[in-house]
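1. What follows is a predicted protein model with its sequence.
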Amino acid sequence: MDKNTVTGLILIVLLFIGFTYYNNTQKDKAYQYEITRADSLFEKGKYRVARVSYLRALSFKPSEEYPRKRVLSIDSILHVRALSDTAASHAAQEENATAAPVTQPATVVLEKDSVALVPVKAEQKFITVENELAKYTFTTLGGRLYSVELKKYKTWDQRPLILFHGDSTEFGFRFFSADNKLIDTQTLLFKPVSDTGHITVTDSVYQAVFRLQVGEDQYMEYRYIIPKNDYMIGFDVVLHGMDRVIAQNLTDLSLRWKIYMPQQEQGRMNEDNYSTIKFKYYQDEVDGLPMRSNKPVLEKDIPTRIEWVAFKDQFFSSVLISPDPPFNSGKVHSEKMPDDSPYFRECEADLSVPYRAAPDLTYHMKMYFGPNHFKTLKKYGMDLQELVFLGRNIIRAINQFVIIPIFNWLNKYISNYGIIILLLTLIIKMALFPLTYRSYVSQAKMRVLKPYIDEIAKKYPRKEDAMKRQQAQMALYKQAGVSPMSGCLPMLLQMPILFAMFRFFPTSIELRQQSFLWAHDLSTYDSVLQLPFTIPMYGDHVSLFTLLMTISTIITMKINSPSGDSSQMPGMKGMMYIMPITFMLFLNNFSAALNYYYFLANLITFAQNMIAKRFVDEEEILRRVQERRKMPVKKSKWQQRLEEAAKARGYTPPKKPRRR
């Protein structure tokens with residue numbers, strides 16, 4: 001390396017160290033501020049707000065034990081409060097409440113046109129309905145889904161894959177009675193109308209029915225329609241004779257749905273980055289909370305009608321659908337959990353269900369509990385395939401109309417996904433070969449011009465002559481018919497493909513738990529060495545595919561870099577090494593399939609350049625360049641118009657001396 005390159009590298013390293021120090025200092029200040037604020041709120045008994053501040057402090061310093069213990073302590077306090085609260089609270093009490101919903105079993109009785117909650121001694125019962133794809137467990141407390149297990153999938157450590165489980169889940173309607181008392185259905189005991197115990201769906205469809213009996217010929221009923229072989233189940237809500245129970249002035253019922261997402265994948269960071277809450281506006285586009293956000297709490301009010309809301313993690317989703325009538329409005333809330341928790345995210349949705357007083361009223365909804373598989377979701381319509389994040393605009397179009405069709409076509413004939421990625425890379429690189437060839441030819445022209453560029457550099461060696469040197473070089477490029485950007489443009493045209501792959505591989509459920517060579521799971525990182533410490537940005541492991549990708553990138557850039565006067569751009573040689581290393585730090589925690597693809601793309605690009613080299617004669621290029629330099633430079637129309645305007649004003653440009 002020359003002096004300028006070394007100086008550039010030193011400056012970049014110092015800048016990186018300075019930024020790291022400044023960033024850590026700011027994190028320390030932010031951490032101390034959140035801890036002080038949280039402790040103050042905790043002492044005042046404002047536990048929920050304090051919990052948010054402790055979580056924010058954890059986002060700045062995830063390894064600190066103090067805020068994590070405080071969060072667990074607050075969770076215990078709120079849980080005790082939830083058990084001691086009453087289910088019948090007035091509207092003002094509901095607005096000021098900070099505890100979780102009541103979980104004490106109760107039943108509803110109708111006495112003289114008033115509704116009362118009467119605690120019962122009966123315990124909740126569980127009913128399991130199993131089809132070919134999933135196992136659904138229902139509880140009579142609230143008549144809700146208690147857990148969902150996907151039978152064809154396992155967690156990264158081979159445990160049963162359960163989307164949500166336990167008393168932490170919430171699902172129920174809230175409304176006021178005719179005498180202005182709050183009814184929360186998830187705290188009430190439903191009675192199973194259908195079979196009990198463990199049921200296996202043998203016919204085409206099985207219907208599990210749970211009824212909340214309010215009075216004689218008055219009830220609220222949940223009907224779960226479970227097909228034999230489908231991830232989509234029906235969910236009907238029947239209100240019979242409830243118009244005398246529900247307050248007459250209500251125009252909507254509140255439906256609250258809340259789950260805790262358990263960690264399913266080895267890479268917790270990756271799983272959390274691709275997890276969010278999505279929803280679809282009625283007859284419009286899909287929207288949601290932002291992914292990859294550092295904020296511990298995310299919320300969004302939805303003032304317009306929505307067709308569905310989905311709690312989406314990296315590879316699986318739980319979706320509640322109400323296409324007709326749609327939900328009037330809603331509010332979604334997402335909160336990160338501490339790193340040592342088995343859950344990584346809390347998701348909650350408060351939805352407004354349209355209501356009109358009628359003796360009989362039925363809502364036809366649907367529920368989807370299954371994989372984020374593009375083809376599976378697309379067959380249901382309603383834009384559910386948007387749950388598979390493939391990028392935006394042109395990146396999504398490339399994935400949807402090019403990458404996925406080729407991938408699915410190869411998957412019909414090949415079961416090894418490592419081979420599929422290899423063939424997919426070959427097909428893409430062959431399609432892009434004309435661009436690669438043009439880039440190589442442009443680099444060959446730049447190599448041919450290097451002696452002339454060196455002469456210009458010797459002619460204008462001083463820094464004060466930088467402008468003259470640049471003008472002379474541009475004149476040389478114009479005489480030779482070479483554009484210094486012509487080698488970059490073909491590479492820029494290939495960038496959308498690279499970005500499309502960056503979005504495709506981490507969200508492709510087909511690659512989940514598929515092994516290849518030393519990688520046991522192509523959807524997550526391929527750790528070949530576990531480090532006893534954590535390197536900032538890099539992690540606590542070594543990914544071999546990432547190392548191979550980095551080394552091959554440096555070699556390819558080294559061989560294919562166009563020759564030129566490096567003194568014109570000090571530090572560029574150093575950047576050639578810094579950029580791949582930066583990508584190595586960033587991609588070490590990404591999926592092995594992505595790094596494997598980039599590694600293959602580098603190898604194929606190198607092979608294509610070797611092939612192109614056999615067909616590109618640099619001596620012939622030099623001869624053509626010399627002939628072109630002897631030819632008079634053709635003036636552009638703009639230059640011709642300028643000269644004509646100058647002649648009209650009586651100006652005659654001086655004649656150029658004849659070239660010898």
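-> Here it is on my side, so go on.
2. per-domain residue ranges of the protein.
-> As given by automatic domain parsing, the domain ranges for the chain are 3-81, 86-94+106-382, 396-512+591-623.
3. show me where the stretch 301-450 of the chain has strands.
-> With DSSP state E, counting those that start in this stretch, the ranges of strands along the stretch 301-450 of the chain come out as 306-312, 316-321, 329-336, 343-354, 360-371.
4. And stretch 164-172, what's buried?
-> By neighbour count with 16 or more other CB atoms under 10 Å, stretch 164-172 contains the buried residues Phe164, His165, Thr169, Glu170, Phe171, Gly172. Where C-beta positions appear, they are placed from N, C-alpha and C, glycine not excepted.
5. who's in contact with the residue nearest to the spatial centre of the chain?
-> The residue at the geometric middle of the chain, judged as the C-alpha nearest the mean C-alpha position with CA atoms, centre = their mean, is Tyr274 (3.2 Å). Under the criterion of CB atoms under 8 Å, 6 or more residues apart in numbering, the contact list for Tyr274 reads Met291, Asp313, Gln314, Phe389, Pro506, Thr507.
6. Quick one: the domains of the chain as TSV, columns for distance to Gly539 too.
-> Converted to TSV, the domains of the chain look like this (distance: least, CB to CB, whole Å):
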stretch	distance to Gly539
domain 3-81	13
domain 86-94+106-382	9
domain 396-512+591-623	13
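7. Which strand residues bridge Leu150?
-> On DSSP bridges, the residues paired with Leu150 through beta bridges are Ala134, Leu161.
8. Leu361 now?
-> Using DSSP bridges, the bridge partners assigned to Leu361 are Leu239.
9. check contacts around it.
-> Contacts of Leu361 by CB under 8 Å, 6+ apart are Val238, Leu239, Met242, Asp243, Tyr355.
10. Could you single out the nearest of those to Asp521?
-> Val238 (44.4 Å; CB to CB).
11. Now do the helices in the stretch 151-300 of the chain.
-> Counting by DSSP state H, counting those that start in this stretch, the stretch 151-300 of the chain has helices at residues 268-273.
12. on that earlier part again, for the buried residues of stretch 164-172, name the two members farthest from one another.
-> Of all pairs drawn from the buried residues of stretch 164-172, the one with the longest distance (CB to CB) is His165 and Gly172, at 17.3 Å.
13. Quick one: low-confidence residue ranges for the stretch 101-250 of the chain.
-> Within the stretch 101-250 of the chain, the stretches with pLDDT under 70 are 101-122.
14. how about Phe502, what does it touch?
-> If a contact means CB under 8 Å, 6+ apart, then Phe502 has Gly391, Leu594 as its contacts.
15. Helix or strand next in line after the host helix or strand of it, which one?
-> When secondary structure is defined using DSSP states H and E, the element that contains Phe502 is helix 488-504. The first helix or strand that comes after helix 488-504 along the chain, using DSSP H and E, is strand 527-535.
16. Direction included, what does that next one pair against?
-> Using DSSP bridges, the strands paired with strand 527-535 are strand 539-543 (antiparallel).
17. tell me which residues in the strand it pairs with are buried?
-> For strand 539-543, burial by neighbour count (16+ other CB under 10 Å) applies to Gly539, His541, Val542, Ser543.
18. again, but for stretch 319-337
-> Taking 16+ other CB under 10 Å as the criterion, stretch 319-337 shows 319-322, 326-330, 332-337 as buried.
19. likewise stretch 336-352?
-> Taking 16+ other CB under 10 Å as the neighbour-count basis, stretch 336-352 is seen to contain the buried residues 336-338, 341, 343-352.
20. circling back to that earlier point, how far away is the residue nearest to the centre of the chain from Gln513?
-> Summarising the geometry, the distance separating Tyr274 from Gln513, computed by CB to CB, to the nearest Å, is 16 Å.
21. what's the neighbour count on the closest residue in space to Tyr417 that isn't next to it in sequence?
-> The shortest distance from Tyr417 to any residue other than its chain neighbours is 4.5 Å, reached at Gln514 (CB to CB, 6 or more residues apart in numbering). In terms of burial, Gln514 registers 20 neighbours under the definition other CB atoms under 10 Å.
22. for the one 10 residues further on, same thing?
-> The criterion is other CB under 10 Å. On that basis, Thr524 has 26 neighbouring residues.
23. Next, the nearest residue to it once chain neighbours are set aside: phi, psi?
-> The shortest distance from Thr524 to any residue other than its chain neighbours is 4.4 Å, reached at Gly267 (CB to CB, 6+ apart). Here is the backbone geometry of Gly267 (degrees, to the nearest 10): phi -90, psi 90.
24. which strand residues sit across from Arg256 in the sheet?
-> Applying DSSP bridges, one finds that Arg256 bridges with Gly172, Asp350.
25. same thing with the one 5 residues further on?
-> The residues paired with Met261 through beta bridges, assigned by DSSP bridges, are Arg345.
26. list the contacts for it?
-> Taking CB under 8 Å, 6+ apart as the definition, contacts of Met261 comprise Leu163, Phe164, Ser275, Phe311, Asp313, Tyr343, Phe344, Arg345, Glu346, Cys347.
27. let's see it at 7 Å
-> Contact analysis of Met261 by CB atoms under 7 Å, 6 or more residues apart in numbering lists Ser275, Phe311, Asp313, Tyr343, Phe344, Arg345, Cys347.
28. Please apply the same query to Lys412.
-> When the contact criterion is CB under 7 Å, 6+ apart, Lys412 has no partners at all.
29. what separates it from Leu387, distance-wise?
-> 24 Å.
30. I figured Lys468 hits Tyr460, correct?
-> Yes: under the criterion of CB atoms under 7 Å, Lys468 lies in contact with Tyr460, with a separation of 5.1 Å.
31. Neighbour count for the two, which is higher?
-> The residue with the greater number of neighbours, taking Lys468 and Tyr460 and applying other CB under 10 Å, is Tyr460; the counts read 17 against 13.
32. And the pLDDT for that one?
-> The per-residue pLDDT reported for Tyr460 equals 78.
33. got a pLDDT number for the residue nearest to it when sequence neighbours are not counted?
-> If the residues on either side of it in the chain are set aside, Tyr460 comes closest to Arg469, at 4.0 Å by CB to CB, 6+ apart. The pLDDT attached to Arg469 in the predicted structure is 74.
34. can I assume Arg469 sits in a helix?
-> Yes: residue state for Arg469 (DSSP: H, G, I helix; E, B strand; the rest coil) corresponds to a helix.
35. Quick check: it vs Tyr477, distance?
-> Counting by CB to CB, the separation of Arg469 from Tyr477 is 13 Å.
36. helices and strands of the chain: which one bottoms out on pLDDT?
-> helix 91-96 (a mean of 36; mean pLDDT, DSSP states H and E).
37. about what we covered before: of the buried residues of stretch 319-337, closest to Tyr281?
-> Lowest distance from Tyr281 to these (CB to CB) belongs to Pro326, with 8.9 Å.
38. Over to that closest one: give its phi and psi.
-> Backbone torsions of Pro326, given as degrees, to the nearest 10, read phi -80, psi 170.
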